[in-house]
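Novice: Would you be able to build a 3D model of this:
(chains A and B)
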Amino acid sequence: RKEVEQDPGPFNVPEGATVAFNCTYSNSASQSFFWYRQDCRKEPKLLMSVYSSGNEDGRFTAQLNRASQYISLLIRDSKLSDSATYLCAVLPNTGNQFYFGTGTSLTVIP
Amino acid sequence: EPEVTQTPSHQVTQMGQEVILRCVPISNHLYFYWYRQILGQKVEFLVSFYNNEISEKSEIFDDQFSVERPDGSNFTLKIRSTKLEDSAMYFCASSSDGNYNEQFFGPGTRLTVL
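Specialist: Take a look at the predicted model:
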């Protein structure tokens, strides 16, 4: 079973739409969760950490559901510049290596 | 804003040759990492480094690989006797804390083994 799983997409949405991605993780004791954004052939850039209480940063909202072992990312009012691959990263309870999902591809269409 | 830097941006080498990839982590960070991403695949952990020693490594990080912090700023990944399947993007990352804190990635070195 994979440590972290994501729907690879692609998600093609019109500008202004709301889109949500989920990411499931297998280790119930995982302690920290993050969303990264990766543009083509570039490095992952931290988008936001995911806290138990949920957190919001502008148009982006991240949620953690420990009972069902998934994290989510909601993007409201999509912009063309949001087009990228969104990676979830999970830090287990032991060690400090990130487990990344394969990423979900988003294309925002004019 | 402080950032992780990596050199070179692209390295081309012949199979069997040794390469050294260089990274300068964010200056006040204490934990350093190497990840790789084969084209079209996910980002995979290789190794983490703290207090001048390896703290964790994956199955990928076999005897072909080694890491070093030769001075106060550089963090290097050496790949001995490169293989075709070593072709990938290699990302260095650093964090201020080994737990909970975010890891910040450098721009990567694209390694091409011919």
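
Novice: drop to CA atoms for contacts and neighbour counts, all remaining ones
Specialist: OK.

Novice: which residues of chain B score low on pLDDT?
Specialist: Along chain B, segments meeting pLDDT under 70 span B:98-100.

Novice: let's see it at 80
Specialist: Where chain B drops to pLDDT under 80, the residues are B:1, B:72, B:97-101.

Novice: can you give me the strands for it?
Specialist: In chain B, the strands defined using DSSP state E lie at B:5-7, B:10-13, B:19-24, B:31-37, B:43-50, B:53-57, B:65-68, B:75-79, B:88-95, B:104-105, B:109-113.

Novice: any chance of those in CSV, plus mean neighbour count?
Specialist: Listed next are these as CSV, based on neighbours: other Cα atoms under 10 Å in any protein chain shown:
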stretch, mean neighbour count
strand B:5-7, 21
strand B:10-13, 14
strand B:19-24, 22
strand B:31-37, 25
strand B:43-50, 22
strand B:53-57, 16
strand B:65-68, 18
strand B:75-79, 19
strand B:88-95, 26
strand B:104-105, 26
strand B:109-113, 22
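
Novice: Nearest to A:N93, out of these?
Specialist: strand B:53-57 (13.4 Å; Cα to Cα).

Novice: Pull the contacting residues for the residue in chain B that chain A sits nearest to.
Specialist: Here the residue of chain B nearest chain A is B:K42; by Cα to the nearest Cα that distance is 4.6 Å. Counting by Cα atoms under 8 Å, 6 or more residues apart in numbering or on different chains, B:K42 makes contact with A:100-103.

Novice: from the residues you listed, which is closest to chain B?
Specialist: A:T102 (4.6 Å).

Novice: Give me the neighbour count for that closest one.
Specialist: A:T102 has 22 neighbours, counted by other Cα atoms under 10 Å in any protein chain shown.

Novice: out of everything not next to it in sequence, what's closest to it?
Specialist: B:K42 (4.6 Å; Cα to Cα, 6 or more residues apart in numbering or on different chains).

Novice: And B:A88, by the same measure?
Specialist: Nearest non-adjacent residue to B:A88 (Cα to Cα, 6+ apart): B:I38, at 4.4 Å.
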